[in-house]
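> The following block contains a protein sequence and its predicted model.
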Amino acid sequence: MGWGSPVQQGWTKGPWTPEEDKLLSEYVNLQGEGRWSSVAKCTGLNRSGKSCRLRWVNYLRPGLKRGQLTPLERGVVIELHALWGNRWSTIARYLPGRTDNEIKNYWRTHFKKKEKSSKKQENRETQILEQKQSPQRQEQQLQEDDTNRAISYADTGDEQMIETQGGMEMCITYPTLEQDQRLAVASWLDTIREDDLCGGLWNLEDPKGYSIDHQSTGFSYGVDSNNLYTGECIFMEGWGSI
DNA sequence: AAGCGCGTCAACCGCGGTTTT
DNA sequence: CAAAACCGCGGTTGACGCGCT
């Protein structure tokens, strides 16, 4: 009933007013999340259930953070995107206070444009490579694409790839720190599963600092209370430490 | 000062999966 | 078991603000 498209049902569209926000907040505080299609009926709001849910989840829900993503959050986004692709809601679960919409917007803003600008050069390089590669190497290249895609997005600014002996390493530099610290993000696409991360290994709300510890791969890194980045992780080949 | 382009973000849309009837 | 209703997700759009020319 209350879920259909605004055009079909004659629902109000566009930006929400403070009065509408108030009505929706009161409803959720009373009834709890869910039953979105009943909101219009119970509150008099002329908004579809879908619209109400979106407004609550992305804007009104308590505990939402505002403002730019922190360096660590950005690192997590890059890392998890390399892992799961455009599964924004899944990624958002590991960033308390951030919404899938926010992360999606962040990604599009900061990385899609870079993808575009580097596309020309990428194409040239690909052409040259294709001429040289054996079929076996091409297959291997395909498998690496998911990893490198995220990496290539981050080829300018404070996030970048550096070449190391026998592999590539993603680095994020933080000029605001006393001396640049590098947060290296591991590429463990082949070894990690979503389930592995569901055990609360990500602790972004600890006042003493942040930490990520992945036992099955040995990957871990963190931020301590002094904002110093520490940890060690597996790179494409071999081990590295920060 | 005006026009333009770009970045950001809130909101909409379509679709697929899940739950309810 | 099937259909309808509901929910959530990812892609896309449009409004707005800001800086540059």
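Looks like it came in fine.
> Would you mind naming what in chain A lies close to DNA strand C?
Contact residues (Cβ under 7 Å from any atom of the strand) of chain A with DNA strand C: A:1-3, A:33-37, A:49-50, A:53-54, A:86-90, A:100-101, A:104-105, A:108. Bear in mind the C-beta positions are built from the backbone N, C-alpha and C, glycine included.
> quick one: low-confidence parts of chain A?
A:1-2, A:4-9, A:112-242 (pLDDT under 70).
> Most proximal residue of it with respect to DNA strand B?
A:Thr109 (3.0 Å; Cβ to the nearest atom of the strand).
> isn't A:Trp107 right up against A:His81?
Yes: using Cβ atoms under 8 Å, A:Trp107 is in contact with A:His81, at 6.5 Å.
> so A:Gln31 makes contact with A:Thr43?
No: A:Gln31 is beyond contact range of A:Thr43, at 9.7 Å (criterion: Cβ under 8 Å).
> who has more neighbours, those two?
A:Thr43 (19 against 13; other Cβ atoms under 10 Å).
> What residues does the more buried one make contact with?
Listed by Cβ atoms under 8 Å, 6 or more residues apart in numbering, the contact set of A:Thr43 reads A:23-24, A:26-27.
> Would you list the buried entries among these?
Buried residues within these, counting neighbours by 16 or more other Cβ atoms under 10 Å: A:23-24, A:27.
> got the residues of chain A near DNA strand B?
A:5-7, A:12-16, A:50-51, A:54-55, A:58-59, A:68, A:101-102, A:104-106, A:108-110, A:113.
> so which helix or strand takes in A:Asn101?
helix A:100-107 (DSSP states H and E).
> In that helix, which of the residues would be classed as buried?
Per 16+ other Cβ under 10 Å, helix A:100-107 contains these buried residues: A:100, A:102-104, A:106-107.
> ok, these vs DNA strand C, which is closest?
A:Asp100 (4.8 Å).
> OK, contacts around the closest one?
A:Asp100 neighbours (Cβ under 8 Å, 6+ apart): A:88-89, A:91-92.
> how close does the residue lying closest to it once chain neighbours are set aside sit to A:Leu69?
Sequence neighbours aside, A:Trp88 is the residue nearest to A:Asp100 in space, at 3.8 Å (criterion: Cβ to Cβ, 6 or more residues apart in numbering). Distance of A:Trp88 to A:Leu69, computed by Cβ to Cβ, to the nearest Å: 13 Å.
> what about those two, which has more around it?
When neighbours are counted by other Cβ under 10 Å, A:Trp88 and A:Leu69 differ, and A:Trp88 comes out ahead with 22 against 17.
> Identify the residues contacting the more buried one.
With contacts defined as Cβ under 8 Å, 6+ apart, the neighbours of A:Trp88 are A:100-101, A:103-104, A:107.
> Kindly recompute the last result at 10 Å.
A:77, A:80-81, A:98-107 (Cβ atoms under 10 Å, 6 or more residues apart in numbering).
> And A:Glu26, by the same measure?
A:42-43.
> Phi, psi for it please.
The phi/psi pair for A:Glu26 (degrees, to the nearest 10) reads phi -60, psi -40.
> How about A:Thr17?
Residue torsions, per degrees, to the nearest 10, at A:Thr17 are phi -90, psi 160.
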